[in-house]
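Visitor: Here's a sequence, model it:
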Amino acid sequence: MAEKVQYFATGRRKNSIARVRLIAGEGKVTVNEKPFEQYFPRESNRLIIMQPLELVKLNGKFDVLINANGGGLSGQAGAVRQGIARALVKMDEKLKADIKKAGFLTRDSRMRERKKYGRKRARRRFQFTKR
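Guide: Okay, the predicted model is just below:
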């Protein structure tokens, strides 16, 4: 039997990194060897992940295997979205214009600001006491 063609890509957001693998199949999405409904309990994160596949109308055509680590669940969801979008572009270069226009290929560069000395967090000051 011939090997199924796989498309690999990496997505990043905040401190999260997602390695994505697209394989022709029936639409199963697996994150860290768990079904993605179990890994991402929040519906908004699941919608974010499926956006690139819905945009190009390939929703039930590919199995998506994801290895996500670092950061929190929202950051990982954004990283997975970018990874899926990049893998789709590797699969078919004609999809690039639509995916890029939707903004799925752009790396969201917003990062957490570091804590400063003399402050409680990055900008939050300690409570002022008059007396």
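Visitor: can you pull out the helices in the protein?
Guide: 36-39, 43-55, 73-91, 96-102 (DSSP state H).
Visitor: Need the contact partners of the shortest one.
Guide: Contacts of helix 36-39 with the rest of the structure, by Cβ atoms under 8 Å, 6 or more residues apart in numbering, involve V29, T30, V31, N32, R46, I49, V64, I66, A68. Placement of C-beta: from N, CA and C, glycine included.
Visitor: ok, of these, which come out buried?
Guide: Buried members of the contacts of helix 36-39, counted by 16 or more other Cβ atoms under 10 Å: V29, T30, V31, I49, V64, I66, A68.
Visitor: Turn those residues into CSV, including distance to R121.
Guide: CSV is the format used below for the buried ones among the contacts of helix 36-39 (distance: Cβ to Cβ, whole Å):
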residue, distance to R121
V29, 35
T30, 36
V31, 30
I49, 30
V64, 36
I66, 31
A68, 26
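Visitor: What separation do you get for A102 and V89?
Guide: In this view, A102 and V89 are 12 Å apart by Cβ to Cβ, to the nearest Å.
Visitor: again, but for S74
Guide: Counting by Cβ to Cβ, the gap from S74 to V89 is 23 Å.
Visitor: do the same with R110
Guide: Distance of R110 to V89, given as Cβ to Cβ: 23 Å.
Visitor: With neighbour numbers in mind, choose between these two.
Guide: Counting neighbours by other Cβ atoms under 10 Å for R110 and for V89 shows that V89 has the greater number, 22 against 9.
Visitor: what's the burial count for the nearest residue to the more buried one once chain neighbours are set aside?
Guide: Spatial nearest neighbour of V89, chain neighbours left out: K96 (4.8 Å); criterion: Cβ to Cβ, 6 or more residues apart in numbering. If you count neighbours by other Cβ under 10 Å, K96 ends up with 15.
Visitor: Let me know the closest of the buried ones among the contacts of helix 36-39 to L22.
Guide: L22 has its nearest neighbour among those in V64, at 6.0 Å by Cβ to Cβ.
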